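Chemist: A structural model of the following input is requested.
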Amino acid sequence: MKHFNAFTAITLFFVSSMMFAQPAATKNWAELNNFHEVMSRVYHPTEEGNLLPIKTWSETLMQKAEQLTLQPIPTEFNNAKIQESITRLQAKTKEVHKLVTDKASDAAITKVLTQAHDNFHEIVGLCSGKSK
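Modeler: Now for the predicted structure:
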């Protein structure tokens, strides 16, 4: 039984490390990485039907999205497409927070959170040159 517990602990460590890893293309963009950390913590449990994290952290997610424009965007990423994507991301995270505070259905919250998550990945893709 002790081997199982050690194996489980090691497995959980590696899985959590991969889950919260910074996107390589944006490793020098602190605000985007801060957003990613919160998004990972709230989005992945939602995929499994657990909305407690987003219901607890929706305001923080919204604030992290706002931080993306309060600090200068790194020069290599500062272009119109990324700025437009950030604006959409901010709108979606505000919408998620409003849905949570209005006690909307889990389906409605999940739908808009998924859109915000997809928008985040669009930004990462634009930063890495993998998105149009």
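
Chemist: check which helix or strand covers the most centrally placed residue in the chain.
Modeler: Nearest to the mean C-alpha position of the chain, by CA atoms, centre = their mean, lies residue 39 at 2.4 Å. Residue 39 belongs to helix 30-47 when elements are defined using DSSP states H and E.

Chemist: which outside residues touch that helix?
Modeler: 19-20, 22-23, 26-27, 51-54, 57-58, 60-61, 64-65, 67-68, 70-71, 89, 109-110, 113-114, 116-117, 120, 123-124, 127 (CB atoms under 8 Å, 6 or more residues apart in numbering). Yep, even glycine has a C-beta here, placed from its N, CA and C like the rest.

Chemist: of those, just the buried ones, ChimeraX syntax please.
Modeler: Remark: buried members of these, expressed as a ChimeraX selection using 16 or more other CB atoms under 10 Å:
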select :22,23,26,51,53,54,57,58,60,61,64,65,68,89,109,110,113,116,117,120,123,124,127
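
Chemist: show me the helices in the protein, by range?
Modeler: Using DSSP state H, the helices of the chain run over residues 2-19, 30-47, 52-70, 80-101, 106-128.

Chemist: how about JSON lines for the ones you listed, with mean pLDDT added?
Modeler: Below are those laid out as JSON lines (pLDDT from 0 to 100):
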{"stretch": "helix 2-19", "mean pLDDT": "44"}
{"stretch": "helix 30-47", "mean pLDDT": "96"}
{"stretch": "helix 52-70", "mean pLDDT": "96"}
{"stretch": "helix 80-101", "mean pLDDT": "97"}
{"stretch": "helix 106-128", "mean pLDDT": "96"}
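
Chemist: can you give me the distance of the spatially closest residue to residue 60 that is not a sequence neighbour to residue 75?
Modeler: In this structure, residue 60 finds its nearest non-sequential neighbour in residue 38, 5.6 Å apart by CB to CB, 6 or more residues apart in numbering. According to CB to CB, to the nearest Å, residue 38 and residue 75 sit 25 Å apart.

Chemist: all good on my end, thank you.
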